[in-house]
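Q: my questions are about this predicted structure, shown below with the sequence.
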Amino acid sequence: METKLNQYGMAPLKPINYFVYGMGNFASQLSWTMVSTYLSIFYTDVFGLGTGAVALLMLIAKVWDGINDPMMGTIMERTHTRFGRFRPYIVVGAVFLVIFTILTFTVPGFGGPAKLAYAYITYIGLGMSYTMTNVPYLALPVVMTRDPKEINRLNAAQMMGMTIGQIILNLFVLRLVEWFGHGEQAAGYHSTAILLAFVALPMFWAVAALSKERIDVKKSEQGSIIEGLKLIAKNKNLVCALLYSLFNMFGILGRISVAVYFYMHCVQNFTYITIFMMMQMIVGTIVMPIAPRLCMKYGKRNVGIASMLIQGISLIIIFLGPAESIPFNFVMMVIYGLGYIAGPSGSGMVVDAIDDFDLKYGYRNDGMAFSFSGMATKIGTALANSIFLLIMGAYGYDSMFGLRAQLEEATDPGVIASLTEQISHIQFGIDMCANLLPGIVFLIGIIPLLVYNLDKPGYMDKVRDGLTERNKKKAEAEQA
C-alpha cells in the first residue's frame with residue numbers, strides 16, 4: 001500500500017516516532033534532573049563542599065558547558081554520514097553520559113584539593129557528555145519533518161518526556177538513596193546514579209535508531225564557522241527565541257536547584273517535600289498534550305508570554321505568602337505548573353526562525369542554532385545555580401545546621417531569640433532564592449518575546465511553502 005505524502009512531500013510521522021522521541025528526554029532527565037535537583041545538596045551535605053565552592057564550581061563548569069554547545073553545533077553541521085548528521089553523536093554521547101553520571105555522584109576516598117579537583121573533572125565531563133548527547137537530540141525535529149504540526153508534536157512529546165522523567169525522579173530518588181544506602185547517603189547516591197544511568201542508555205539508542213533524519217543539508221551549503229556565528233547574530237528572531245529560552249531555563253532550573261532547601265528549611269515539612277518537588281511537573285504533564293493546539297491557535301509567542309506571567313507571578317506570591325502553610329504551597333505549585341503550557345514554544349520558535357532565515361538567505365544553520373539554544377539553557381542554569389547558592393551562602397546557610405542544633409539545646413530566652421532571628425534571616429535568603437528571584441527572571445523573559453515577530457497569522461505557512469517549492473526546483477535542476 002502506497003504511503004500518502006503530506007503537502008511537504010513527506011510521509012507523515014507515526015505514533016511510534018513521537019513516543020520514542022519523547023522517550024529521549026525522559027532518558028535525559030535520569031541524568032539531568034538528578035543533577036539539577038540533587039547535585040547541589042549532594043555537594044554541600046554529602047560530598048562535603050561549602051556553598052561558595054559549589055557556586056564557583058557550577059558557574060565555571062556550566063559556562064564552559066555552554067561554550068562547548070556551539071562547538072558541538074559546528075561539528076554536527078559539518079558531519080555527513082549515511083546515518084545522518086545528528087544521530088551518531090547520540091549513540092556515542094550516551095555512553096559517556098552513563099560513565100560521568102556515575103562518577104559525578106561518587107565520593108572519592110581522598111580529601112583536600114584533590115577531592116575538589118575530582119568534582120571539577122567529573123562535573124565538567126558530565127556536562128560535555130550531556131552536550132554531545134542532548135544538542136543533536138533537540139535538533140532532530142528540524143531534520144525529521146517540515147510539517148509545523150509534526151514539529152510541535154515532537155517538541156510536545158519531548159517536553160512530556162521531560163516532565164514525566166522529572167516526576168519519577170523526584171518521586172523515587174530520595175527513596176532509592178535511602179534504600180540503597182541503608183543510612184549511608186554517599187553509597188545511596190552512587191548506587192542510584194548507576195541504576196538511572198543504565199536505564200537511560202538503551203532509551204537513547206532507541207531514539208537514534210528510530211528518529212530518521214529525512215531532511216539533508218548538502219556539504220556545499222555549509223559556510224565557515226565565523227560566517228555561521230555572524231548569521232546567528234543576524235537572525236533577530238532566533239536571538240529572541242534563545243533569550244526567551246535562557247530566561248525560562250534560568251527561572252525553572254534555578255528554582256529546582258534550590259527548591260529542596262526551601263522545602264527543608266522554610267516549609268519544614270519533610271513529609272511533603274517529594275510532593276512539592278514534583279507537583280508542578282504533574283500539572284505540566286497534564287496540560288502538555290494541549291500545548292501544540294494552543295500554539296497553533298494563539299501563536300507560540302503568545303503562549304510563551306502567558307506561561308512566563310503564570311510562573312513569575314505565582315512564585316512571587318509564594319514568596320509573599322505563608323511559607324509553612326501546606327495548602328497554600330500546594331495550590332500555588334498547581335498554578336505554577338500551568339506555566340508548562342508553553343512546553344514546545346521555545347523549540348518551535350527556534351525552528352520557525354531557522355526556516356524563515358533559510359528562505360530569506362539560503363543558509364540553514366540548524367545544528368548551530370540548537371547548540372546555541374542548549375548554551376542558553378546551560379548558561380541560564382549556571383547563573384541561577386551560582387547566584388542563588390552565593391546569596392544563600394551570604395545569608396549564612398553554611399551555619400544553618402549548627403544554629404538548629406544550638407537552638408535545640410538552648411534554654412536561655414535571650415539565646416533562643418538570637419538563634420531564632422539568625423535562622424529566620426537564613427530562611428529569608430532561601431525563600432528569596434527559591435521564589436522571588438526566579439519569579440522576577442520569568443517576568444524579564446517576556447521582553448524578548450515582545451520583539452519576536454514570526455507569529456503573524458499564516459506567515460510561517462508561506463515560509464514553508466516557499467521552502468518546499470525552492471527545494472523542489474533545486475531537486476529538479478539537479479536531476480536535469
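A: Now that the structure is in, tell me what you want to look at. Note that the structure is predicted; figures quoted are calculated from it, not measured.

Q: quick check: Thr274 touching Leu174?
A: Yes: using C-beta atoms under 8 Å, Thr274 is in contact with Leu174, at 6.6 Å. (Each C-beta comes from the backbone N, C-alpha and C, glycine too.)

Q: can you pick out the residue with more neighbours from those two?
A: Leu174 (21 against 18; other C-beta atoms under 10 Å).

Q: after the lengthiest helix in the chain comes which helix or strand?
A: With DSSP state H setting the assignment, residue counts place helix 148-181 as the longest helix in the chain. Using DSSP states H and E, the helix or strand that directly follows helix 148-181 along the chain is helix 185-210.

Q: between that following helix and helix 148-181, how many degrees?
A: Compare the direction of helix 185-210 with that of helix 148-181 by axes from the mean of the first three to the mean of the last three C-alpha atoms, to 10 degrees and you get 150 degrees.

Q: quick one: average pLDDT of stretch 139-158?
A: Averaging the model's pLDDT scores along stretch 139-158 yields 82.

Q: for it, measure first residue to last.
A: Across its full length, stretch 139-158 reaches 12 Å between end residues, using C-alpha to C-alpha, to the nearest Å.

Q: any buried residues in that stretch, and which?
A: Applying a neighbour-count criterion of 16 or more other C-beta atoms under 10 Å, one finds 139-148, 150-158 buried in stretch 139-158.

Q: list the contacts for Val207?
A: Residues in contact with Val207 (C-beta atoms under 8 Å, 6 or more residues apart in numbering) are 20-21, 23-24, 27, 90, 137, 140.

Q: can you redo the residues you listed as TSV with distance to Val350 and secondary structure?
A: As requested, the contacts of Val207 are arranged in TSV below (distance: C-beta to C-beta, whole Å; DSSP: H, G, I helix; E, B strand; the rest coil):
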residue	distance to Val350	secondary structure
Val20	21	helix
Tyr21	16	helix
Met23	21	helix
Gly24	17	helix
Ala27	21	helix
Ile90	19	helix
Tyr137	14	helix
Leu140	13	coil
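
Q: mind listing what the nearest residue to Gly284 once chain neighbours are set aside touches?
A: The shortest distance from Gly284 to any residue that is not its chain neighbour, by C-beta to C-beta, 6 or more residues apart in numbering, is 2.9 Å, and that residue is Tyr340. Contact analysis of Tyr340 by C-beta under 8 Å, 6+ apart lists 159, 163, 280-281, 283-285, 287-288, 291, 307.

Q: and Tyr340, how far is that from Phe198?
A: Using C-beta to C-beta, to the nearest Å, Tyr340 is found at 29 Å from Phe198.

Q: Glu469 too?
A: 48 Å.

Q: count of residues packed around Ile318?
A: Other residues near Ile318 come to 26 when the count uses other C-beta under 10 Å.

Q: surely it and Met332 touch.
A: Yes: using C-beta under 8 Å, Ile318 makes contact with Met332 at a distance of 4.9 Å.

Q: for stretch 119-133, give me every contacting residue.
A: With contacts defined as C-beta under 8 Å, 6+ apart, stretch 119-133 is touched by 28, 31-32, 35, 39, 43, 47, 49, 57-58, 60-62, 64-65, 68-69, 72, 89-90, 92-94, 96-97, 99-101, 103-104, 106, 204, 374, 378.

Q: try it again with 7 Å
A: The set of residues external to stretch 119-133 that reach it, using C-beta atoms under 7 Å, 6 or more residues apart in numbering, is 31-32, 35, 43, 47, 49, 57, 61-62, 64-65, 68-69, 72, 89-90, 92-94, 96-97, 100-101, 103-104, 204, 374.

Q: repeat that for stretch 24-37.
A: The set of residues that contact stretch 24-37 without belonging to it, under C-beta under 7 Å, 6+ apart, is 97, 101, 126, 130, 134, 137, 158, 161-162, 164-166, 169-170, 173, 193, 196-197, 199-200, 203-204, 207, 253, 256-257, 260, 381.

Q: filter those down to the buried ones, ChimeraX style.
A: Provided next is the ChimeraX selection string for whichever of these are buried by 16+ other C-beta under 10 Å:
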select :97,101,126,130,134,137,158,161,162,164,165,166,169,170,173,193,196,197,200,203,204,207,253,256,257,260,381
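
Q: in the helix or strand containing Met375, which residues are buried?
A: Following DSSP H and E, the helix or strand that holds Met375 is helix 366-394. Neighbour-count burial for helix 366-394 flags 366-393 (criterion: 16+ other C-beta under 10 Å).

Q: avg pLDDT for that helix?
A: For helix 366-394, the mean per-residue pLDDT is 75.

Q: give the other helices and strands that that helix contacts.
A: Contact analysis of helix 366-394 by 3 or more C-beta pairs under 7 Å, 6 or more residues apart in numbering; DSSP states H and E lists helix 15-42, helix 51-77, helix 112-139, helix 225-234, helix 236-262, helix 345-361, helix 413-431 as its packing neighbours.

Q: next, format those as TSV and append distance to Phe270.
A: Compiled in TSV, the helices and strands packed on helix 366-394 are given as follows (distance: least, C-beta to C-beta, whole Å):
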stretch	distance to Phe270
helix 15-42	13
helix 51-77	21
helix 112-139	27
helix 225-234	46
helix 236-262	11
helix 345-361	34
helix 413-431	15
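
Q: who wins for proximity to Tyr336 among those?
A: Put simply, out of those the one that sits nearest Tyr336 is helix 236-262, at 9.0 Å, with distance taken as C-beta to C-beta.

Q: any idea of the angle the closest one forms with helix 413-431?
A: 160 degrees.

Q: now the angle between helix 345-361 and helix 236-262, please.
A: Orientation of helix 236-262 against helix 345-361 (the same axes, to 10 degrees) gives an angle of 160 degrees.

Q: give the buried residues for helix 236-262.
A: For helix 236-262, using 16+ other C-beta under 10 Å, the buried residues are 237-262.

Q: so where's this protein shaky on pLDDT?
A: 1-3, 6-8, 77, 216-229, 344, 365-367, 370, 374, 475, 478-480 (pLDDT under 70).

Q: now with 50?
A: With pLDDT under 50 as the threshold, the chain has low-confidence stretches at 1, 220-221.

Q: got the phi and psi for Met10?
A: Main-chain dihedrals, Met10, degrees, to the nearest 10: phi -130, psi 150.

Q: residues contacting it?
A: By C-beta under 7 Å, 6+ apart, Met10 lies in contact with 145-146, 214.

Q: ok, 8 Å please
A: Remark: with contacts taken as C-beta under 8 Å, 6+ apart, Met10 is in contact with 145-147, 214.

Q: and it, how far from Ile151?
A: Computed as C-beta to C-beta, the Met10 to Ile151 distance reads 12 Å.

Q: find residues that contact each of the two.
A: Listed as contacting both Met10 and Ile151 by C-beta under 8 Å, 6+ apart are Thr145.
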